[in-house]
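*Asks:* A predicted structure for the sequence below; I have some questions about it.
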Amino acid sequence: MTRTGAIGWAVCAVVTLLAVSHTALGQSLKPDAHGFLIAPPESLKPAAGGRSVTIVGDSSKPGIYVTRITWAPGSGSRPHYHNEARYITVLKGTWWVATGPDADVYNPDKMVPVKAGSFIYEPPGGHHYDMAKDEEVVVEIIGMGPVSTTALEPGRGR
């Protein structure tokens with residue numbers, strides 16, 4: 001395997017870990033005996049040491065899912081895309097994003113701010129990356145599972 005190939009595999013592994021780590025480090029809410037789920041704000045915060053809460057469903061299984069992820073300042077993703085559409089609402093802070101063909105290569109200077117209360121639609125196969133820069137950011141992601149994440153090699157187009 002070439003050095004470039006090894007780096008590509010390493011990037012894929014890191015993005016995959018980022019994509020699934022929110023489940024491993026998160027908590028999941030359960031409906032009551034009648035199937036209703038009423039989640040007060042305190043139950044929508046990640047457990048100690050975690051960064052996400054799965055509100056409904058499971059992104060790795062068929063069906064709708066709703067997840068809230070809390071991003072620490074300076075944390076985010078590298079260029080990637082998902083096989084399914086994702087619907088994102090920024091609940092707290094300013095989320096920084098890069099989208100489209102320009103998002104094939106990581107460049108934080110090309111990111112645009114998305115303020116709390118804003119909505120983002122990520123189409124299936126839409127290249128992007130995102131991050132929390134100077135403050136904690138909370139986003140809520142809704143989508144249909146199973147969803148997979150594919151890392152883009154630096155400099156590689158669609």
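*Replies:* Cool, got the structure. Every value quoted in this text rests on a predicted model; they were computed, and no experiment measured them.

*Asks:* As a check, name the ranges of all strands in the chain.
*Replies:* 27-28, 52-56, 63-71, 80-82, 86-92, 94-99, 112-115, 119-122, 128-132, 137-145, 149-151 (DSSP state E).

*Asks:* Which one of these has the poorest average confidence?
*Replies:* Confidence, taken as mean pLDDT, is least for strand 27-28 of the strands of the chain (a mean of 70).

*Asks:* Now for residue 91: which residues touch it?
*Replies:* By Cβ atoms under 8 Å, 6 or more residues apart in numbering, the contact list for residue 91 reads 68, 116, 138, 139, 140. Using the backbone N, CA and C atoms, a C-beta is placed for each residue, glycine as well.

*Asks:* What remains of those residues if I keep only buried residues?
*Replies:* The neighbour-count criterion (16 or more other Cβ atoms under 10 Å) marks 68, 138, 139, 140 among the contacts of residue 91 as buried.

*Asks:* which of the residues you listed lies closest to residue 149?
*Replies:* Nearest to residue 149, judged by Cβ to Cβ, of those is residue 139 at 15.1 Å.

*Asks:* From what I see, the closest one and residue 89 are in contact.
*Replies:* Yes: contact status for residue 139 versus residue 89: in contact at 6.9 Å, counting by Cβ atoms under 8 Å.

*Asks:* Would you enumerate the residues in contact with residue 31?
*Replies:* Going by Cβ under 8 Å, 6+ apart, the list of residues near residue 31 reads residue 37.

*Asks:* where's it relative to residue 66, distance?
*Replies:* The spacing between residue 31 and residue 66, counted by Cβ to Cβ, to the nearest Å, is 12 Å.

*Asks:* so how far is residue 129 from residue 118?
*Replies:* For residue 118, the distance to residue 129 (Cβ to Cβ) stands at 17 Å.
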